[in-house]
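Q: Generate coordinates for the sequence data below:
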Amino acid sequence: MWNAYLDQLSSYIRPRPDDPSPSTADWGERDLVRLEVGYGLIALAETEGTDTLVPCIKQLRRWLFWEWGFVMPKVRILDDLSIGKYEYRVRLSGRVVAEGRVQPKERLVVDAERVPVGAEIIRDPVFECDAYWIDPDAAPDAPHISPSMVIAAHLGEVLRQRLGALLQANQVATLVEITATTNPDAVKRFREASPRLGHLLWVLRELLNEGVPIRDLATILEAYSVEGLQEQTRETALARVRVALAATITARFSIGDRIPMVMLGEALTRELEWYCAPERDLDTDRSVRIIRSIHDAMLTAECLGASLVVRDEVRGILRHLRVSTMPPLLALSEITADREADVVATVGLSVEASAPAYERGRAAA
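A: Residues are numbered from 1 along each chain as shown. Just a heads-up that it's a prediction; the model follows:
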């Protein structure tokens, strides 16, 4: 997993003509992202080279832009004598959100099956797998990761989990300008529709919060201009933009040529449709039972990588129940026909029943 993650970052190490420039990404938020390092790691920030922090963070910057459509703010790197010699911590808007420790003269190996005698087993900061530090000269053939890349990957995971919260209005304006260089017609039509930037900002934040990249901003802007989304409610605009991004969403949540699904039973679907009326609220007790049922169904199906796929009108109800145990939530209209639908579980929860019932099956799209 680590190697695949690093391969993604490494694929963006070469500069591209349309990379976001430093001036493009500097919005005056100098302390939005801060990386603090102990005095033993200062050399990683002060020197140039392939194994230092600056080029690794540049790789991370390109990865976030090309994979998620997010222009990463500048990272301010500071030494801090109050933390351990080889420790580091990440602050977002002044709040510590992550901490770690590296060995600057060693390399990290994520391979618990071939641990040398005497090596100290740790948990890697991204995928939380067993790993250990090793002298690269002692084992030159071992697949290892530099301490700077460990820090950059940890920073990248912290940012990826919070992209929606980090996105600001002036950043959206910058992304629109970048899109204008590659798709000027889409941006022109968008501007002629007299859009409300705050409306678009909310939609983009929600997409990122739900794990949907915004790199295809031209399609999003087209949806705004063609369907007049600036005059719709934010929830309606979000639903229509997600349909416009069906190809992106399907690719994002597919495994190969199939998309594993957990479906709601017909009775539960009809019950949730009843709550779609504005004057009806899904009570807390019912919400907890639904979340538990979905989670248990996925455990029973032994497919935690599946997505919960529901009818379009039901998604608006369930999306407000987002918790850590909920799978990705997709509407039927967001799935393209070029993937096989693999239904790994069906969740049923009737009004009278106190426990969910499950059915297993398989269907083809």
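
Q: for residue 338, helix, strand, or coil?
A: Following DSSP: H, G, I helix; E, B strand; the rest coil, the label given to residue 338 is coil.

Q: what's the burial count for it?
A: If you count neighbours by other C-beta atoms under 10 Å, residue 338 ends up with 11. Yep, even glycine has a C-beta here, placed from its N, CA and C like the rest.

Q: swap in residue 255?
A: For residue 255, the tally of surrounding residues (other C-beta under 10 Å) stands at 12.

Q: do the same with the one 10 residues further on
A: Burial measure for residue 265: 19 neighbouring residues, criterion other C-beta under 10 Å.

Q: next one: the one 4 residues further on
A: Other residues near residue 269 come to 16 when the count uses other C-beta under 10 Å.

Q: how about it, what does it touch?
A: 310, 311, 314 (C-beta atoms under 8 Å, 6 or more residues apart in numbering).

Q: Which ones among these map onto strands?
A: Judged by DSSP state E, strands contain the following of these: residue 310.

Q: Could you dump the contacts of residue 269 into CSV with distance to residue 286 and pLDDT added?
A: Shown next, in CSV, are these (distance: C-beta to C-beta, whole Å; pLDDT from 0 to 100):
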residue, distance to residue 286, pLDDT
310, 16, 90
311, 18, 90
314, 14, 87
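
Q: Please report which of the contacts of residue 269 has the highest neighbour count.
A: That'd be residue 310 among the contacts of residue 269, by other C-beta under 10 Å, with 25 neighbours.

Q: So that one is in contact with residue 329, correct?
A: Yes. Counting by C-beta atoms under 8 Å, residue 310 touches residue 329, with 7.1 Å between them.

Q: any shared contact partners between the two?
A: Both residue 310 and residue 329 are in contact with residue 318, where contact means C-beta under 8 Å, 6+ apart.

Q: Now for residue 277, how many residues are close by?
A: Applying other C-beta under 10 Å, we find 8 residues neighbouring residue 277.

Q: Hmm, I typed the wrong one, I wanted residue 307.
A: 23.

Q: Look up the residues forming beta bridges with it.
A: Residue 307 forms beta bridges with residue 261, as assigned by DSSP bridges.

Q: isn't it right up against residue 263?
A: No. The criterion here is C-beta under 8 Å, and residue 307 misses it with residue 263 at 10.1 Å.

Q: sec struct for the residue nearest to residue 313 when sequence neighbours are not counted, please.
A: Nearest non-adjacent residue to residue 313, counting by C-beta to C-beta, 6 or more residues apart in numbering: residue 276, 5.3 Å away. Classification of residue 276 using three-state DSSP returns coil.

Q: Going by residue numbers, what spans are helices in the stretch 201-350 of the chain?
A: For the stretch 201-350 of the chain, the helices defined by DSSP state H, counting those that start in this stretch cover 217-227, 234-244, 246-253, 266-274, 284-301, 312-318.

Q: chain center to the helix or strand hosting residue 149, what's the gap?
A: Per DSSP states H and E, residue 149 falls inside helix 147-160. The chain centroid and the centroid of helix 147-160 are separated by 14 Å under C-alpha atoms, centre = their mean, to the nearest Å.

Q: show me the contacts for residue 252.
A: Here residue 252 is in contact with 211, 212, 213 (C-beta under 8 Å, 6+ apart).

Q: go again using 10 Å as the cut-off
A: For residue 252, the contacting residues are 67, 211, 212, 213, 245, 259, 307, 328, 330, by C-beta atoms under 10 Å, 6 or more residues apart in numbering.

Q: now those: which count as buried?
A: Buried subset of the contacts of residue 252 (neighbour count, 16 or more other C-beta atoms under 10 Å): 67, 211, 212, 213, 245, 259, 307, 330.

Q: Got the phi and psi for the first one?
A: In this case it means residue 67. Phi and psi for residue 67, reported as degrees, to the nearest 10, are phi -90, psi -30.

Q: So what's the residue count around residue 92?
A: The number of residues packed near residue 92 is 18, by other C-beta under 10 Å.

Q: How about the one 10 residues further on?
A: Summarising burial for residue 102: neighbours were counted as other C-beta under 10 Å, giving 27.

Q: Make 55 the first number, not 1, from now on.
A: All right, first residue 55 from here; so that's residue 156.

Q: Mean pLDDT per helix and strand in the protein: which one sits at the bottom?
A: One helix or strand of the chain scores below all others by mean pLDDT, DSSP states H and E: strand 411-413, with a mean of 37.

Q: in the stretch 55-204 of the chain, which spans are strands?
A: Taking DSSP state E, counting those that start in this stretch as the criterion, the stretch 55-204 of the chain carries its strands at 87-91, 129-133, 141-146, 149-155, 161-163, 176-177, 184-188.

Q: And the pLDDT for residue 157?
A: Residue 157 is assigned 89 on the pLDDT scale.

Q: nearest residue to it other than its sequence neighbours?
A: In space, residue 157 is closest to residue 187, 4.5 Å off (C-beta to C-beta, 6+ apart).

Q: so what's that neighbour up against?
A: By C-beta under 10 Å, 6+ apart, the residues touching residue 187 are 155-157, 159-163, 173-176, 198-199, 201, 204.
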